[in-house]
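Chemist: Need coordinates for the following:
(one chain, ligands or ions: 1)
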Amino acid sequence: MPRYVHLGELPHKHHVQFRKPDGGLYTEQLFSTRGFSGPMSTLYHVHQPTEVTSFEDCGSVAPTYLDDEPLRHRHLRTKRLKPSGDAISGRVPLMGNQDVIWYQALVADQMETFYKNADGDECLFIHDAEGTLESLFGNLEFKAGDYLVIPRGTIYKLHFRSFPVRIIAILSFGPITIPKRYRNEYGQLLEHAPYTERDIRVPTELVTHRERQTTQVMIRARNRHTLYTYPYHPCDVVGWDGFVFPFAFSIHDFSPITGKLHMPPPIHQTFDGHNFVICSFCPRMLDYHPQAVAIPYNHSNVDSDEVLYYVNDKFGSRKGIEEGSITLHPLGIPHGPQPGAVEAALGHQKTEELAVMVDTFHPFKLTKESLELEDSDYWKSWQVPQ
Ligand SMILES: [Fe+2]
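Modeler: Residues are numbered from 1 along each chain as shown. Model (predicted):
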C-alpha cells in the first residue's frame, strides 16, 4: 500500500530502546515483504516473536492440477458447495498456475487457530458476511462486498457474525498492489482512479495480548502447512507503523468509469498481481452514444485466461449463469455475448451487474474439485438455435 499508517505506541526513532511499564524492553520486528528494499512496517512486540514451543508438519497443501483437460469454456456452479470447514480449511482450490491460485469457500465454522500465509499475499472477497479481521496489526471490521488484502506473513484470524459465508480466496505468489497507472510518482491515487485513499480501510483497534498463553498458528510456506505452537499470544503488538498492513476495500466503493462507447475491461481493474489482475464489474450507467452496443464485443483473449465470479445474476452479456457462478474463458478461443444478448441489451441505459474478475497471463489449470461444480454444457450456450 503506498500509504503510511501507524497505530499504538511507538518510540521516537527506529532501533532505539523502547521500554515496557516494568522497565523491560519491547521487541522490535521489521516486517518486510520484499527484502530490505520493498514495502515494510516496524512492529513492537511484548514477547520475542522468535520464541517457539514446538512445531508439527501438517503436509502439502499444493493443489493437484489436471493436465489433460480439453480446451473449452467452463461454467462452475459454486452453489453446489456444501458448508465446510473454517475460512482456511474450507478453501477448495478450483484453479491455479505459477502466479495465482483461486480458492472458493463456503465457510461453516469460526477459525480456532490463527493463520499465516508465507507463500503469498491473499485477496479475500467476502460475498455475504460481516465480521472482524483480527491480526498482528489490530482489528479491522469487514462486511459483505469487501475485498480484504492480507500481506504475506500476517498472522490473522477471521471472526464472522453469521454462517455460512461465501468467500473467494485469491492467493498471489507475487505482491498484490494498486495499479501503477492509478497513482502519481508519490504513490498517491490520482483523480481518474476509480477509488481514493478514503475508500481504503485499515486496522483501527490494536488489542495487545500481553499474557503468556499457549497459542497455535498454522503457517503456510513452500506449499506446506506447519502448525506452530507459541508460549504467548501472537497479537502482542503495542504499536506499529509503515506501509505494510492488511486493508479492506468494498466493491461497492468502486466508482466505475463509463464512456460514450464501450469501455474495455481494464477500466474495471481494482488490483494488480504478478501476471494477473483483479477487476470489479459494478452497477453503472451504460454507453451513451445513441447507437451504442452497450455490452462487450467478442474478444480473442489469445494470451489471457478470464475468470468471472458473479456476485449477482445480472450480467448483461451472459446467459445461464446464477449468483455464485464462475465462468472460465480460456486463452486460445474467443468469447463474447451469447446469441440474442446484443439485441436484448440495445437501448439499456444501466446495468446492475456485480462481479469479480481475475485475468491471468498464464493459463489456469483446473483441479478435480472444480469439475465437481461444472455445468459441462456451458460451451454450447453460444450455439445459434436453428
Ligand atoms: Fe471477456
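
Chemist: ok now stretch 313-329, how far from the chain's centre?
Modeler: 20 Å (C-alpha atoms, centre = their mean, to the nearest Å).

Chemist: Send over that stretch as CSV, restricted to the C-alpha atoms.
Modeler: Only the C-alpha atoms of stretch 313-329 are listed here, as CSV (Å, rounded to 0.1, in the frame of the first residue of the first chain):
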residue,chain,number,x,y,z
ASP,A,313,-27.1,-12.9,-11.6
LYS,A,314,-27.5,-9.7,-13.6
PHE,A,315,-24.6,-9.9,-16.0
GLY,A,316,-25.7,-8.3,-19.3
SER,A,317,-23.6,-10.3,-21.8
ARG,A,318,-24.0,-13.7,-20.2
LYS,A,319,-26.9,-16.2,-20.2
GLY,A,320,-27.4,-19.2,-18.0
ILE,A,321,-25.4,-18.0,-15.0
GLU,A,322,-26.6,-17.7,-11.5
GLU,A,323,-25.5,-15.9,-8.4
GLY,A,324,-22.2,-17.6,-7.3
SER,A,325,-21.4,-18.9,-10.8
ILE,A,326,-17.9,-18.8,-12.1
THR,A,327,-17.1,-18.8,-15.8
LEU,A,328,-13.6,-19.5,-17.2
HIS,A,329,-13.0,-18.3,-20.7
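
Chemist: Renumber starting at 15 from here on
Modeler: From this message on, residue numbering opens at 15, which makes the last subject stretch 327-343.

Chemist: what does the average pLDDT come to for it?
Modeler: On average, the pLDDT along stretch 327-343 is 89.

Chemist: ditto for stretch 120-128
Modeler: Averaged across stretch 120-128, pLDDT comes to 98.

Chemist: Please identify the buried residues of that stretch?
Modeler: Counting neighbours by 16 or more other C-beta atoms under 10 Å, one finds that the buried residues in stretch 120-128 are L120, V121, A122, M125, F128. C-beta here means a position set from N, CA and C on the backbone, and glycine is covered the same way.

Chemist: H276 touches A306, doesn't it?
Modeler: Yes: with contacts counted by C-beta atoms under 8 Å, H276 reaches A306, the gap being 7.0 Å.

Chemist: before we move on, back to that, let's see which of the buried residues of stretch 120-128 end up in strands.
Modeler: L120, V121, F128 (DSSP state E).

Chemist: residues near P351, how many?
Modeler: Per other C-beta atoms under 10 Å, the neighbour tally for P351 reads 20.

Chemist: what do you get for S384?
Modeler: Close neighbours of S384, defined as other C-beta under 10 Å, add up to 26.

Chemist: Could you tell me the phi and psi values at A369?
Modeler: Main-chain torsions, A369, degrees, to the nearest 10: phi -150, psi 150.

Chemist: swap that for N111, please
Modeler: phi -150, psi -160.

Chemist: How much space separates it from R234?
Modeler: Distance of N111 to R234, computed by C-beta to C-beta, to the nearest Å: 18 Å.

Chemist: List the buried residues in the helix or strand encompassing S384.
Modeler: Taking DSSP states H and E as the criterion, S384 maps to helix 382-385. Across helix 382-385, burial judged by 16+ other C-beta under 10 Å covers E383, S384.

Chemist: Can you tell me which helices and strands it packs against?
Modeler: strand 106-110 (3 or more C-beta pairs under 8 Å, 6 or more residues apart in numbering; DSSP states H and E).

Chemist: who's in contact with the strand it packs on?
Modeler: 77, 79, 90, 95, 115-119, 185, 321, 340, 342, 378-381, 383-384, 387 (C-beta atoms under 8 Å, 6 or more residues apart in numbering).

Chemist: For it, list the C-alpha coordinates in CSV.
Modeler: The C-alpha trace of strand 106-110 is given here as CSV (Å, rounded to 0.1, in the frame of the first residue of the first chain):
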residue,chain,number,x,y,z
VAL,A,106,-11.5,-25.5,-2.2
PRO,A,107,-8.8,-25.0,-4.9
LEU,A,108,-10.6,-24.6,-8.2
MET,A,109,-7.8,-23.5,-10.5
GLY,A,110,-4.3,-22.1,-10.4
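
Chemist: Low-confidence ranges, this protein, go.
Modeler: 15 (pLDDT under 70).

Chemist: Okay, helices next: where are they in it?
Modeler: Remark: helices assigned in the chain by DSSP state H are 355-359, 382-385.

Chemist: what residues does the helix holding S384 touch?
Modeler: The contact list for helix 382-385 (C-beta under 8 Å, 6+ apart) reads T78, L80, R88, L90, V106, P107, L108, M109.

Chemist: centroid residue for the chain?
Modeler: When the chain is reduced to its mean C-alpha position, the nearest residue by C-alpha atoms, centre = their mean turns out to be C137, at 1.7 Å.

Chemist: need the contact list for that one.
Modeler: So C137 contacts Y161, L162, V163, I164, A183, I184, S186, I190, F285, I292 (C-beta under 8 Å, 6+ apart).

Chemist: Now list the buried members of these.
Modeler: Buried subset of these (neighbour count, 16+ other C-beta under 10 Å): Y161, L162, V163, I164, A183, I184, S186, I190, F285, I292.

Chemist: Against S318, how distant is the closest residue to the second one other than its chain neighbours?
Modeler: Across the structure, with C-beta to C-beta, 6 or more residues apart in numbering as the measure, the residue nearest L162 apart from its sequence neighbours is L138 (4.4 Å). Taken as C-beta to C-beta, the spacing of L138 relative to S318 amounts to 23 Å.

Chemist: Which one of the two is surrounded by more residues?
Modeler: When L138 and S318 are compared for neighbours, L138 comes out ahead with 23 against 19, by other C-beta under 10 Å.
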